[in-house]
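> give the three-dimensional model of this entry:
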Amino acid sequence: MQGAPARRTWMPRDDDYVREWFITLQEDIDHWARSCALQAQITDSGKNNVLSELDGYVRNRDWDTLVSGTKNYARILVEALLAKDIFENIFGNPFFCFDEETKQEEQSRPSFGTQLLELYHEMQKVNEVGAHIWRSDTLRLLNMLTHPGQESNLTSKVQEAKRLLNNIQVPDNVHLPQSGPEPFFCFNKETKQEEQSRPSFGTQLLELYHEMQKVNEVGAHIWRSDTLRLLNMLTHSGQESNLTSKVQEAKSRLINGLTNPSRFPGPEPSLTSKMRDSRKRVSMKRAEDFLQGPVQSLLCVDLNNKREESLKEIYIWAAELAAFLWTERAYMTIDRLPRLNVFPINSPEVLAHPSHKLHEEEEDIDRMEQKNILLVVYPLVSAFGYDDGDSYDQSTVWANGIVLIEDR
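Here you go, the predicted model:
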């Protein structure tokens, strides 16, 4: 057995720093929208595509109501489309990095149980003790009941493994044999139809996480945090494990990340050079897909390479920030309509979009009280819980929701 891995310290988050990082991200999105949006005629088809893409962020699908009296509406809509894609798909999914696949990989995708087993074996290379605890916690959570006499959707799939698992005891200093019982074999039972429509590993991990929250919310958040922490550690030899290098090659420290190191006030030893490459590939692909989506009808025709590269940089940086925040014990939520329904002027959660210029006249601010929110430009990001795995009924705002208000 190899020597014990170097001890790693996971520093509790500083909420003030997190808020600054989100403000920086919002400013980057705003700057890109300003430089790339084009105020021009848009076809009815283009309007419908934009409104459909903003589902959950726009109050109704009446274009004239949305843009009437709104200066620079194209820029604001580009801003909202970009923010939605980044916040929903990157910050809204702690396992987004596992969704990177080639067409061939997608067609030959192994079962969820096989991928969980691979994940477990890779974790053993990183931190053997932590891997066994992770395996144990995963299966214990799945064997819990949501309500007396009722099972969650996934727990019924693991029941036949329970008898075997209860008889398996793996000391922390002993590797599991390469042949023998597989702790996740119960996930390998699939119908032909299930096999053909099998979702990506990231999607299945997210489903697993959601099911765990139903049976034990605190345990589920700790499980998610531990899973991502293990994947962000180096192997004993200083080399990356097969899975972590494929998944991503993360920043050795967040302070070194991307083009503006000052965005991160200090070094974080928690994220080592593990998972960055895959995060980068996934992020760049998301940026490319975004440019091919409904936003096309709102952009300059001559969008140059520099602007495309700056968009990719925004996605990459957002992915690094999300990866860091999801290793925290805190649980992150992304809220828009209908949670953000009317504008409360004294709320610590919601701000009016700068285009309203409410800071100029106090009476204008009062006039906006309880007015309908027309468009959520940036969703509200809240964090529940603390690093001790407690107080999941208490929240703090990480990023204000920024909204367009019906003031006409």
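> output the lowest mean pLDDT helix or strand found in this protein.
Across the helices and strands of the chain, mean confidence by mean pLDDT, DSSP states H and E is lowest for helix 242-247: a mean of 42.
> which residues of the stretch 301-408 of the chain fall in strands?
Under the criterion DSSP state E, counting those that start in this stretch, strands of the stretch 301-408 of the chain are mapped to 331-335, 342-343, 350-352, 371-378, 380-384, 395-399, 401-405.
> show residues contacting the third one.
Taking C-beta atoms under 8 Å, 6 or more residues apart in numbering as the criterion, the residues outside strand 350-352 that touch it are 340, 343-344, 358, 368, 373, 380, 400-405. In this view, the C-beta of every residue, glycine as well, is placed from N, C-alpha and C.
> top of those by neighbour count?
Across these, the neighbour count under other C-beta atoms under 10 Å reaches its highest value at Val403, namely 29 neighbours.
> can I assume that one is in contact with Ile345?
No - distance between Val403 and Ile345: 11.9 Å, which falls outside the contact criterion (C-beta atoms under 8 Å).
> okay if I get the contacts of strand 350-352 as CSV plus pLDDT and distance to Arg140?
What follows is those, written out as CSV (pLDDT from 0 to 100; distance: C-beta to C-beta, whole Å):
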residue, pLDDT, distance to Arg140
Leu340, 90, 37
Phe343, 87, 45
Pro344, 83, 42
Leu358, 70, 51
Met368, 76, 50
Ile373, 91, 42
Leu380, 97, 33
Asn400, 96, 38
Gly401, 96, 37
Ile402, 96, 41
Val403, 94, 42
Leu404, 92, 46
Ile405, 89, 47
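> re earlier: nearest to Ser68, out of the strands of the stretch 301-408 of the chain?
Between Ser68 and the strands of the stretch 301-408 of the chain, the tightest spacing by C-beta to C-beta is seen for strand 371-378, at 9.9 Å.
> buried residues, that closest one. List them.
Of the residues in strand 371-378, those buried under the neighbour-count criterion (16 or more other C-beta atoms under 10 Å) are 371, 373-378.
> which helices and strands sit right next to it?
Counting contacts by 3 or more C-beta pairs under 8 Å, 6 or more residues apart in numbering; DSSP states H and E, the secondary-structure elements packed against strand 371-378 are helix 63-67, helix 73-86, strand 342-343, strand 401-405.
> mind redoing it with 10 Å?
Applying 3 or more C-beta pairs under 10 Å, 6 or more residues apart in numbering; DSSP states H and E, one finds that strand 371-378 contacts helix 15-36, helix 63-67, helix 73-86, strand 342-343, strand 350-352, strand 401-405.
> re earlier: ok, the contacts of strand 350-352 vs Ser35, which is closest?
Nearest to Ser35 among the contacts of strand 350-352 is Ile402, at 18.8 Å by C-beta to C-beta.
> what about Lys47, distance to Leu66?
In this structure, Lys47 lies at 9 Å from Leu66, with C-beta to C-beta, to the nearest Å as the measure.
> pick the one among the contacts of strand 350-352 closest to Ser310.
Distance to Ser310 across the contacts of strand 350-352 (C-beta to C-beta) is lowest for Ile402, with 20.8 Å.
> returning to what we had before: which neighbours do Lys47 and Leu66 share?
Between them, Lys47 and Leu66 share the neighbouring residues Leu77, with contact defined by C-beta atoms under 10 Å, 6 or more residues apart in numbering.
> just checking, Ile86 touches Leu25?
Yes - checked against C-beta atoms under 10 Å, the pair Ile86 and Leu25 is within contact range at 7.7 Å.
> what about these two, which has more around it?
Set side by side, Ile86 and Leu25 show more neighbours around Ile86, with 26 against 22, by other C-beta under 10 Å.
> for the more buried one, which non-adjacent residue is closest in space?
Counting by C-beta to C-beta, 6 or more residues apart in numbering, Ile86 lies nearest to Ala318, which is 5.0 Å off, once chain neighbours are set aside.
> on that earlier part again, shared neighbours, Val403 and Ile345?
Applying C-beta under 10 Å, 6+ apart, one finds that Val403 and Ile345 are jointly contacted by 351-352, 371.
> in TSV: these, plus pLDDT.
TSV is the format used below for the shared contacts of Val403 and Ile345 (pLDDT from 0 to 100):
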residue	pLDDT
Leu351	91
Ala352	89
Lys371	86
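> got a markdown table for those, with distance to Asn93 too?
Converted to a markdown table, the shared contacts of Val403 and Ile345 look like this (distance: C-beta to C-beta, whole Å):
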| residue | distance to Asn93 |
| --- | --- |
| Leu351 | 25 |
| Ala352 | 29 |
| Lys371 | 32 |
